[in-house]
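**Student:** coords below, sequence missing:
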Ligand code: F6R
């Protein structure tokens, strides 16, 4: 049942190229135009929306944060991400022109379900990105876009996360297509690149030996920090969450730009820090800025574990370890950069002799508020 792997989580990490590929499947015509007949929501309704609020919890909320950067860039529609339990008990600004997008692997998370019901009461259009057919959240929503990751057994989410990011890209690109003009042309180009991602993830999975080794050496580590910017920020958060859940190690993710506003005080000799580096072509010189963050923390003695694109030599002088990912356009990079962080958490957990698939105190689907 574990297909030759020791744990479900390891198996599911290796199923990620399929999770992405299958989620893309059947959603484009030959020329790259998206067709989402399955949505149960009319083009007219979607064209009318003037704001998007994403509601989700945990890993799914990090997928939502990646989505925010991408959808805003592709469509110029304002996107907000709200933790479902916070959304539910606040006064959200939501009306009939708001699309409330919930993201949930199980489709049964009570916090997310309550947020969707609340959004419906407020008159919003609701769309569910979900991995489980026939589950409650899609049934309670106006529209559904299924992820096709297949059943996820390990408590910690991996392949569902990649599928959620993929589905939210599809949604963003579909909205861009509806807007027409250059938005639609850009959407086609991104779709073409998305189809190359499964092969890149596969290639990356074949290069994880050093990451596993680093994890094994770090079994006694008490705290790990994760830094990223833009779409790398939620990936840093996700890397930290995976480590907390699986290895019971104190871990925190930060937006790299926040460092000097406080967290840099945590840096002391030997402190391990993962840094997710945007590709050199990322707008706003973000690559250069993150490289200088690495330089700053290294100067204070941090042990820098750098996730950078192939060919990015700028990071080398300041990196204790460089973990390479294939090149991609900046907004698609999360589908790659999260992989070594998942592998790291899995192998650190194993090195500590912990139960990877069933971490303590956690349940696969949280059906209470
Ligand atoms: C983390 C994890 C949780 C879930 C969260 C939402 O590895 O599994 O953070 O992502 O509980 O669950 P779903 O997606 O089922 O709503």
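**Tutor:** Yes, it's here. Source: prediction; values computed, not measured.

**Student:** ok, now which ones touch residue 141?
**Tutor:** Contacts for residue 141 were tallied using CB atoms under 8 Å, 6 or more residues apart in numbering; they are 102, 116, 126, 127, 128. Every C-beta, even on glycine, is put in place using the N, C-alpha and C of the backbone.

**Student:** same check on residue 170?
**Tutor:** 23, 24, 27, 34, 36, 145.

**Student:** let's see 10 Å
**Tutor:** 23-24, 27-28, 34, 36, 129, 145, 147, 187, 190-191, 194 (CB atoms under 10 Å, 6 or more residues apart in numbering).

**Student:** which element is it on?
**Tutor:** helix 159-179 (DSSP states H and E).

**Student:** I'd like the average pLDDT over that helix.
**Tutor:** If you average the pLDDT over helix 159-179, you get 97.

**Student:** following that helix, which helix or strand shows up next?
**Tutor:** From helix 159-179, the next helix or strand downstream (DSSP H and E) is helix 181-194.

**Student:** not counting its neighbours along the chain, what's nearest whichever residue of the chain sits closest to the ligand?
**Tutor:** Proximity to the ligand, evaluated over the chain using CB to the nearest ligand atom, is greatest for residue 58 at 1.9 Å. Using CB to CB, 6 or more residues apart in numbering and skipping residues adjacent in sequence, the residue nearest residue 58 is residue 241, 6.8 Å away.

**Student:** what's the burial count for the one you found?
**Tutor:** Neighbour count for residue 241, taken as other CB atoms under 10 Å: 23.

**Student:** how close does residue 353 get to residue 54?
**Tutor:** 37 Å (CB to CB, to the nearest Å).

**Student:** okay, the two: which has more neighbours?
**Tutor:** Shown here are residue 353 and residue 54; by other CB under 10 Å, residue 54 has more neighbours (28 against 7).

**Student:** need the contact list for that one.
**Tutor:** By CB under 10 Å, 6+ apart, the neighbours of residue 54 are 60-61, 63-65, 67-68, 71, 79-84, 87, 99-103, 127, 129, 168, 171.

**Student:** at 6 Å instead, please
**Tutor:** With contacts defined as CB atoms under 6 Å, 6 or more residues apart in numbering, residue 54 is in contact with 64, 81, 101.

**Student:** now those residues in JSON lines, with distance to residue 8?
**Tutor:** Shown next, in JSON lines, are the contacts of residue 54 (distance: CB to CB, whole Å):
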{"residue": "64", "distance to residue 8": "24"}
{"residue": "81", "distance to residue 8": "28"}
{"residue": "101", "distance to residue 8": "28"}
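
**Student:** turn those into JSON lines, including distance to residue 177, neighbour count and secondary structure.
**Tutor:** Output for the contacts of residue 54, formatted as JSON lines (distance: CB to CB, whole Å; neighbours: other CB atoms under 10 Å; DSSP: H, G, I helix; E, B strand; the rest coil):
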{"residue": "64", "distance to residue 177": "21", "neighbour count": "30", "secondary structure": "helix"}
{"residue": "81", "distance to residue 177": "23", "neighbour count": "22", "secondary structure": "strand"}
{"residue": "101", "distance to residue 177": "17", "neighbour count": "29", "secondary structure": "strand"}
